[in-house]
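Visitor: what follows is a predicted protein model with its sequence.
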Amino acid sequence: MRVLITGTSRGIGRATAEKFLKQGHSVFGIDIEASAINSSNYEHYCADVRFPAQFPDIEDTEILVNNAGVQLMCMDDIDINLKGMIYVTQKYGLQKNIKSIVNMASTSAHNGAEFPEYAASKGGVLAYTKNIAQSVAQWGATCNSISPGGVLTESNQHIISDSKLLEAVYNETLLGKWAAVEEIAEWIYFMSVINKSMTGQDIIIDNGELAKFNFIW
């Protein structure tokens, strides 16, 4: 299939692109940075999701993964994480060849944690996912979102490299760990390729962070 993924220069986006490539798909990546992915089935475009005028013409997209995102503690979080996702979906996702769309939300969308602009942007992703599920159903396509908790990515390096911080965040989960980017990529692949019937839904992958509680009796 023809797969378009945003934010492929690193982290979850790169791992997802590599997963699809291993499975024989044709992958197109959009990122503000260059990509180190080296494959004859991969084509990279440098563009900012905030500016649709920069978007390349990629015809007949069958799978769209809206992964690009930031956590800048300002209104750019909303412009990139939510508005940028809307712009990308409008150009590449709302057309008759689309088979599935997967949007990147966050556990912050469910509990309001982290920074206000970031939480608001990810909450918007949940609502927008349900809206787009309605729109693409006419073509038999699905649209879902995924809400990771802590993930071992470059953006979290300041925590990963600090043993005390890492122990503290691990203790906030039931399983005492964070997810690897490759695991999130597997979920995205399942939701976009294997899944045929789930749509308008969100999957939480957080090692039990939202489920943890202290029972006092």
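Guide: Structure's in. What do you need?
Visitor: hmm, who's touching the lowest-mean-pLDDT helix or strand in the chain?
Guide: Using mean pLDDT, DSSP states H and E, helix 157-160 stands out as the lowest-scoring helix or strand of the chain, at a mean of 94. Helix 157-160 is contacted from outside by 150, 152, 165, 166, 169, using C-beta atoms under 8 Å, 6 or more residues apart in numbering. (Glycine included, C-beta is placed from N, CA and C.)
Visitor: repeat for stretch 47-66
Guide: Residues outside stretch 47-66 that contact it (C-beta under 8 Å, 6+ apart): 1-6, 13, 16, 20, 25, 28, 30-32, 45, 68, 79-80, 83-85, 87-93, 95, 97-104, 188, 192-193.
Visitor: can we see that at 7 Å?
Guide: 1-6, 16, 28, 30, 32, 45, 68, 79-80, 83-85, 87-89, 91-93, 97-104, 188, 192 (C-beta atoms under 7 Å, 6 or more residues apart in numbering).
Visitor: follow-up on the earlier one: filter the contacts of helix 157-160 down to the buried ones.
Guide: 150, 152, 166, 169 (16 or more other C-beta atoms under 10 Å).
Visitor: among those residues, which pair sits farthest apart?
Guide: 152 and 169 (10.8 Å; C-beta to C-beta).
Visitor: about what we covered before: following element in sequence after the least confident helix or strand of the chain, please.
Guide: helix 163-170 (DSSP states H and E).
Visitor: elements contacting that next one?
Guide: When contacts are defined as 3 or more C-beta pairs under 7 Å, 6 or more residues apart in numbering; DSSP states H and E, helix 163-170 packs onto helix 157-160.
Visitor: pull out the buried residues from the helix it packs on.
Guide: 159, 160.
Visitor: can I get the CA coordinates of that helix in CSV?
Guide: The C-alpha trace of helix 157-160 is given here as CSV (Å, rounded to 0.1, in the frame of the first residue of the first chain):
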residue,chain,number,x,y,z
GLN,A,157,16.1,11.9,26.7
HIS,A,158,16.3,14.3,29.6
ILE,A,159,14.3,11.8,31.7
ILE,A,160,15.9,8.6,30.3
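Visitor: numbering from 119 from now on, please.
Guide: New numbering, starting at 119: the last item is helix 275-278.
Visitor: run a quick neighbour tally on residue 143.
Guide: Neighbourhood size, residue 143 [other C-beta atoms under 10 Å]: 19.
Visitor: who's in contact with it?
Guide: Contacts of residue 143 (C-beta under 7 Å, 6+ apart): 119, 121.
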